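Novice: Structure for this input, please:
(one chain, ligands or ions: 1)
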Amino acid sequence: MTLRVLEDPARLAAAAAREFAARAARAIRERGRFAVALAGGSTPRAAYELLARDYVDEVDWGRVHFFFGDERPVPPDHADSNYRMAREALLSCVPAGSVHRIRGELAPEEAARRYEEELRSFFAGEEVPRFDLILLGLGEDGHTASLFPHTRALGETERLVVANPVERLGTVRITLTPPVINAARAVVFLVAGGGKAKALREVLEGSADPRQYPAKLIRPGDGEPLWLVDRAAAASLGKGPGRTGGWRESS
Ligand SMILES: O=C(O)[C@H](O)[C@@H](O)[C@H](O)[C@H](O)COP(=O)(O)O
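Specialist: Now for the predicted structure:
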């Protein structure tokens, strides 16, 4: 597991944009396309905006295929839509090869079924779709994508996409499941803000049950997750009695 601590959210966004562009170039060089699942929430927005502003000529956007790690059960123009955030920050600014949104306007089960169909079609021939990159955030409760603590999706081993009831939020979210995320060639977490410090320490150093901190379930077989965090989110690392190590800080 590699941890990079950036001074502030702006430097975190810049590092994330650089990472995205580097992995896109490598995937396109090696396989002729770059299949990426975008994270939702607020943290990644600045990185998406940097990609749209500073990387228009750096990335062969026509070979980039955008997917989503999860979606809220809302239409694409709703303020809570992860698709809407990505469209405003990036997708409307670059000539992507394709954009595959999760149809939040449908009933969650139907949205999950259709999205799974779309994944199986795009990744035809792959038992489990292998994204070149999956971007993820981390919630203060240790969730990632829409894998929330003690929810049904955490134990999913067959489905690629599920409708996941989240009692605490009183809603049903549509999310990639752990097997798909862990099949990715690369997983990069973007974590900013002191509010995430406790969850980040628990995930990286704690021995709590992964059902309590679902981001602990993310262990890509191919490579270690890269954690891009700002200094505020990293404030509690290396202090807890339960530091299990296992991560190295890279400059
Ligand atoms: O749909 C979502 O909300 C995200 O997929 C979710 O997993 C997010 O990444 C975390 O909740 C962190 O959100 P912030 O970046 O807003 O803190």
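Novice: so where is this protein shaky, pLDDT-wise?
Specialist: 240-251 (pLDDT under 70).
Novice: which stretches of it form helices?
Specialist: 9-31, 45-54, 82-86, 108-122, 178-182, 197-205 (DSSP state H).
Novice: what number of residues lie near the closest residue to the ligand within the chain?
Specialist: Here the residue of the chain nearest the ligand is residue 137; by C-beta to the nearest ligand atom that distance is 2.2 Å. From N, CA and C alone the C-beta is placed, and that goes for glycine too. Other residues within reach of residue 137, judged by other C-beta atoms under 10 Å, total 21.
Novice: Look up phi and psi at it.
Specialist: With angles defined as degrees, to the nearest 10, residue 137 sits at phi -110, psi -180.
Novice: Please shift the residue numbers so they start at 349 in all later answers.
Specialist: From this message on, residue numbering opens at 349, which makes the last subject residue 485.
Novice: you'd agree it is up against residue 395?
Specialist: No: assessed by C-beta atoms under 8 Å, residue 485 is found out of contact with residue 395, at 11.0 Å.
Novice: Need the overlap of contacts for these two.
Specialist: residue 538 (C-beta atoms under 8 Å, 6 or more residues apart in numbering).
Novice: Using JSON lines, lay out the helices of the chain together with mean neighbour count.
Specialist: Converted to JSON lines, these look like this (neighbours: other C-beta atoms under 10 Å):
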{"stretch": "helix 357-379", "mean neighbour count": "18"}
{"stretch": "helix 393-402", "mean neighbour count": "19"}
{"stretch": "helix 430-434", "mean neighbour count": "23"}
{"stretch": "helix 456-470", "mean neighbour count": "18"}
{"stretch": "helix 526-530", "mean neighbour count": "21"}
{"stretch": "helix 545-553", "mean neighbour count": "22"}
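Novice: Dump those helices into TSV; add distance to residue 419 as well.
Specialist: Compiled in TSV, the helices of the chain are given as follows (distance: least, C-beta to C-beta, whole Å):
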stretch	distance to residue 419
helix 357-379	20
helix 393-402	16
helix 430-434	5
helix 456-470	7
helix 526-530	14
helix 545-553	22
